[in-house]
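Trainee: Quick one, fold the following:
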Amino acid sequence: MTDNTNLRTGGQILVDQLRIHGADTIFCVPGESYLASLDALYDARDDIRLIVCRQEGGAAYMAEAYGKLTGRPGICFVTRGPGATNASLGIHTAHQDSTPLILLVGQ
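Mentor: As a prediction, this is how the structure comes out:
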């Protein structure tokens, strides 16, 4: 019989790694394509502040500003398809300005 007490979801593994690497703020528009990560972010709410945005472009620009102001990567979660498309201008801005930014697109 297998011991399931130490099993983690992919979302928990991802959030644990972000925490280990010093992430303290994440910007997102909640979506069904990364619910496991959202659940893990809720569990990590004492360590990682989740800023919920209304539009993915705004979330990407907030993450870009965070990266520009702190020198640490801004982290942004968006949904697939239109969510990723809406975030693309913020990603372009970060690329043009050499701003550290991580975009995670749910699938």
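
Trainee: partners of the strand or helix carrying residue 27, with directions?
Mentor: Per DSSP states H and E, residue 27 falls inside strand 25-28. Strand pairing for strand 25-28, determined by DSSP bridges: strand 49-52 (parallel), strand 74-78 (parallel).

Trainee: can you list the ones you listed in CSV and add mean pLDDT and mean neighbour count?
Mentor: No exception for glycine: its C-beta is placed from N, CA and C like everyone else's. Converted to CSV, those look like this (pLDDT from 0 to 100; neighbours: other C-beta atoms under 10 Å):
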stretch, mean pLDDT, mean neighbour count
strand 49-52, 98, 13
strand 74-78, 98, 28
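
Trainee: Figure out which of those is closest to residue 20.
Mentor: Shortest distance between residue 20 and those, using C-beta to C-beta, is found for strand 74-78: 13.4 Å.

Trainee: May I have whichever helix or strand comes after that closest one exported as PDB, CA atoms only?
Mentor: Heading C-terminal from strand 74-78, the first helix or strand you meet, by DSSP H and E, is helix 82-96. Extracted in PDB, the C-alpha atoms of helix 82-96 (Å, rounded to 0.1, in the frame of the first residue of the first chain):
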ATOM      1  CA  PRO A  82      -6.800  35.400 -24.300                       C
ATOM      2  CA  GLY A  83      -5.200  35.700 -20.900                       C
ATOM      3  CA  ALA A  84      -1.800  35.100 -22.300                       C
ATOM      4  CA  THR A  85      -2.500  37.400 -25.300                       C
ATOM      5  CA  ASN A  86      -3.600  40.200 -23.000                       C
ATOM      6  CA  ALA A  87      -0.400  39.800 -21.000                       C
ATOM      7  CA  SER A  88       1.800  40.000 -24.100                       C
ATOM      8  CA  LEU A  89       2.300  43.800 -24.100                       C
ATOM      9  CA  GLY A  90       3.500  43.700 -20.500                       C
ATOM     10  CA  ILE A  91       6.000  41.000 -21.500                       C
ATOM     11  CA  HIS A  92       7.100  43.000 -24.500                       C
ATOM     12  CA  THR A  93       7.700  46.000 -22.200                       C
ATOM     13  CA  ALA A  94       9.700  43.900 -19.800                       C
ATOM     14  CA  HIS A  95      11.800  42.500 -22.600                       C
ATOM     15  CA  GLN A  96      12.500  46.000 -24.100                       C
END
